[in-house]
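Visitor: got a structure for you, letters missing:
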């Protein structure tokens, strides 16, 4: 996007007033967004965005700015303006730049940008028809297909250049069921860091649409969930959103470094049940949150966060690592060049255990089976959370008894981790978008089926 010569000049301008580190992050992204509502195309948009962000560090201070002007003049002005934040003698000079070779994960076969639009529309229309034809009570089906092909280049004042590419595609299907009993919705959103081959070879949108419709219909006939403290079985795949939100964010150096996390200073201590181990793995080929490098140029890693209940590591970016006396471990991410990078999750999940889902259900005399989780809110300083259950069932005498709606799980990450008493062997991951200080980024969540011995469940069905 820019030459090494231009990068050298800009980096040296940036460090002229005492910054001890400078970085140029360049990005070009091609995006596709296609939306259908009951089979009618509502939006079809292709776009290209590009720009650069410049970050300067001095000890524990950082300044950041971005621009769409990638000329030498435009980048030099931004670098000089940022450099005005510091007022001391130069301590870093950049004399040459060496390109660092990276891995070749996440190679795509069929770029979305080359796939015929008419064929993509037919694929989504077929999924819409499959959803609507399940039952007359399915009154609406909305499908949104999103893809991006991103090329990034990073130059920094250590004299290094990094490059990487990310090609992601995801389809989100929302089924709406309605009758005299009311209205219920259910959504599913498969995606991967792959091209169209993912939807042609690995995932059937027709099957996904049928499943969304079936769950919406089931919840239409569900009764209100009872409330109280009870054992809760949390389903695999997107059930991992509770770990992601209530624990994962609290393990990011963004909050840990400043002592703002409930897990600050807890490395090496027991924070979970002995049967719980969890990782954040940015090296999974094709993973929704994967990369060859992170957004500081560090190689991505498989970071073991919890091993047999003991906190073993945090997710660390280079800047917050200065406070912690640690180096970055490949966990730095950002939405785009408009955001300063910081420590974030990539593909985060609880590792499988030895029990089957059927054994976990059979071992539960009474409780809630939260098969599919929805959104919620979390306080990262305390880990306290409140999550909606999109698909839930009451368990009686070791069997699934009947569906319930309106269930809410209330608790704290630090308490819930210690109360996990069964872990399944059916690990699955699911895709989502994670929002935090460096923007909204693709992130995988996941877990096997787990049981929490006691949780507070909210509902309108009366106390148990």
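Guide: Received it, and whenever you're ready, just let me know what you need. This one's a predicted model, so the numbers in the text were calculated from it and none came from an experiment.
Visitor: Going by C-alpha atoms from here, please, whenever you check contacts or count neighbours.
Guide: OK.
Visitor: helix/strand/coil for residue 231?
Guide: When classified by DSSP: H, G, I helix; E, B strand; the rest coil, residue 231 comes out as strand.
Visitor: how much space between it and residue 139?
Guide: 35 Å (Cα to Cα, to the nearest Å).
Visitor: which one of the two has more residues nearby?
Guide: residue 231 (23 against 16; other Cα atoms under 10 Å).
Visitor: these two touch, right, that one and residue 457?
Guide: No - contact criterion Cα atoms under 8 Å: residue 231 and residue 457 do not qualify, at 9.2 Å.
Visitor: Domain-wise, how is this protein divided?
Guide: 4-220, 223-458 (automatic domain parsing).
Visitor: With respect to burial, which of the ones you listed scores highest?
Guide: domain 223-458 (a mean of 21; mean count of other Cα atoms under 10 Å).
Visitor: which residues touch the residue nearest to residue 142 when sequence neighbours are not counted?
Guide: In space, and not counting its chain neighbours, residue 142 is closest to residue 37: 4.6 Å by Cα to Cα, 6 or more residues apart in numbering. If you count contacts by Cα atoms under 8 Å, 6 or more residues apart in numbering, residue 37 has them with 140-143.
Visitor: Backbone dihedrals for the nearest residue to residue 63 once chain neighbours are set aside, please?
Guide: Once flanking residues are discounted, residue 63 sits nearest to residue 56: 5.4 Å by Cα to Cα, 6+ apart. Here is the backbone geometry of residue 56 (degrees, to the nearest 10): phi -120, psi 140.
Visitor: show me what contacts residue 56?
Guide: Residue 56 is in contact with 14-15, 19-23, 62-64, 82-83, counting by Cα under 8 Å, 6+ apart.
Visitor: Cross the residues you listed against helices and list the overlap.
Guide: 14, 82-83 (DSSP state H).
Visitor: Need the pLDDT of residue 464.
Guide: Looking at residue 464, its pLDDT reads 85.
Visitor: who are the neighbours in contact with it?
Guide: With contacts defined as Cα under 8 Å, 6+ apart, the neighbours of residue 464 are 226-228.
Visitor: The residues you listed in strands, which ones?
Guide: Secondary structure from DSSP state E places residue 228 of these in strands.
Visitor: In a markdown table: the contacts of residue 464, plus pLDDT.
Guide: As requested, the contacts of residue 464 are exported to a markdown table (pLDDT from 0 to 100):
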| residue | pLDDT |
| --- | --- |
| 226 | 97 |
| 227 | 97 |
| 228 | 97 |
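Visitor: now, which of the contacts of residue 464 sits nearest residue 262?
Guide: Checking those against residue 262 with Cα to Cα, the nearest one is residue 228 at 25.7 Å.
Visitor: Strands along the stretch 201-350 of the chain, start to end?
Guide: Assigned by DSSP state E, counting those that start in this stretch, the strands in the stretch 201-350 of the chain fall at 223-224, 228-234, 278-281, 302-307, 310-311, 332-333, 342-343, 347-350.
Visitor: closest to residue 396 out of the ones you listed?
Guide: strand 228-234 (11.3 Å).
Visitor: partners of that closest one in the sheet?
Guide: Next to strand 228-234 in the sheet, as set by DSSP bridges, lie strand 366-379 (parallel), strand 450-458 (antiparallel).
Visitor: TSV for the ones you listed, including distance to residue 123 and mean pLDDT?
Guide: Listed next are the strands paired with strand 228-234 as TSV, based on distance: least, Cα to Cα, whole Å; pLDDT from 0 to 100:
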stretch	distance to residue 123	mean pLDDT
strand 366-379	26	91
strand 450-458	35	98
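Visitor: Give me the spatial nearest neighbour of the residue located most distally from the centre of the chain, chain neighbours excluded.
Guide: Going by Cα atoms, centre = their mean, the residue of the chain most distant from its centre is residue 89, 41.0 Å out. Closest residue to residue 89 in three dimensions, ignoring its sequence neighbours and counting by Cα to Cα, 6+ apart: residue 18, at 5.1 Å.
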